[in-house]
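Novice: structural data only, the sequence is not supplied:
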């Protein structure tokens with residue numbers, strides 16, 4: 001039987017328009033099923049919102065100013081004031097990643113960081129409401145393609161440790177530039193996508209190639225493809 005109690009949610013994303021859109025969907029499609037308590041735009045705001053409101057589900061973007069979604073979960077886990085996730089609480093706080101990224105390292109890293117599910121931003125409002133309620137009830141929820149990444153990681157066919165070690169050398173912005181360049185974007189397109197200058201893209205790209213010990217964007221594309229990062 002469907003629990004009639006609304007799931008209490010905090011939305012965490014650094015784009016205000018996207019947060020507003022998600023809130024509108026949840027208030028509309030999810031009326032009576034989901035209650036939006038607060039929004040947050042970065043790691044510090046997210047932690048403050050969770051501690052203040054103690055939601056059932058945190059709808060969490062993967063890439064955030066201040067360290068990303070994994071950093072939110074890590075710091076909350078270390079906080080003595082954090083809401084418990086033990087079975088003694090009727091509805092412990094759980095995390096559902098909602099991201100534009102469907103890259104394997106983001107999916108696996110976020111799940112390893114403590115998220116209960118991972119869905120992409122192509123999801124419909126009704127599907128998102130369903131995913132939120134399922135995560136609140138303790139289910140693990142993934143977009144279909146992403147579930148395969150997680151299964152492959154546990155089966156050992158993705159070398160998670162090796163991927164993590166390589167990516168740990170890169171900053172969050174360098175990872176974003178790396179992924180777009182590896183997908184075939186031009187420097188101008190990357191600059192437009194990330195709202196930075198072409199010169200900044202060039203600087204990040206040089207740093208990425210140096211840290212990964214690669215010599216060209218073609219090598220980078222092959223490197224990323226082999227690690228299922230595209």
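Specialist: Looks like it came in fine. Everything quoted here is computed from the prediction, not taken from an experiment. Numbers count the residues shown, from 1 in each chain.

Novice: got the contact list for residue 58?
Specialist: Neighbouring residues of residue 58 by CB atoms under 8 Å, 6 or more residues apart in numbering: 9-10, 12, 46, 50, 72, 93-96. Every C-beta, even on glycine, is put in place using the N, C-alpha and C of the backbone.

Novice: that one looks like it's in a strand, true?
Specialist: Yes - Residue 58: assigned to a strand according to DSSP: H, G, I helix; E, B strand; the rest coil.

Novice: just put the contacts of residue 58 in JSON lines and tack on pLDDT.
Specialist: Formatted as JSON lines, these follow (pLDDT from 0 to 100):
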{"residue": "9", "pLDDT": "97"}
{"residue": "10", "pLDDT": "97"}
{"residue": "12", "pLDDT": "96"}
{"residue": "46", "pLDDT": "95"}
{"residue": "50", "pLDDT": "95"}
{"residue": "72", "pLDDT": "93"}
{"residue": "93", "pLDDT": "93"}
{"residue": "94", "pLDDT": "95"}
{"residue": "95", "pLDDT": "96"}
{"residue": "96", "pLDDT": "96"}
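
Novice: take those residues and keep only those in strands.
Specialist: 9-10, 12, 94-96 (DSSP state E).

Novice: which among these end up buried?
Specialist: 9-10, 12, 94-96 (16 or more other CB atoms under 10 Å).

Novice: for the closest residue to residue 34 other than its chain neighbours, the count of nearby residues, please.
Specialist: Nearest non-adjacent residue to residue 34, counting by CB to CB, 6 or more residues apart in numbering: residue 26, 4.6 Å away. Using other CB atoms under 10 Å, residue 26 is surrounded by 23 other residues.

Novice: who's in contact with residue 26?
Specialist: So residue 26 contacts 9, 11, 34, 36, 125, 128-129, 132 (CB under 8 Å, 6+ apart).

Novice: how about residue 72?
Specialist: By CB under 8 Å, 6+ apart, the neighbours of residue 72 are 12, 43, 46-47, 50, 58, 60, 64, 95.

Novice: what about residue 21, which SS state?
Specialist: helix.

Novice: contact partners for the spatially most central residue of the chain?
Specialist: Taking CA atoms, centre = their mean as the criterion, residue 62 is the residue nearest the geometric centre of the chain, at 2.2 Å. Counting by CB under 8 Å, 6+ apart, residue 62 makes contact with 68-70, 97, 99, 101, 106, 110.

Novice: walking through this structure, point out its strands one by one.
Specialist: 7-12, 34-40, 57-60, 94-99, 117-120, 141-142.

Novice: which other residues reach the shortest one?
Specialist: It stands for strand 141-142. Against strand 141-142 from outside (CB under 8 Å, 6+ apart): 96, 107, 116-119, 131, 134-135, 150.
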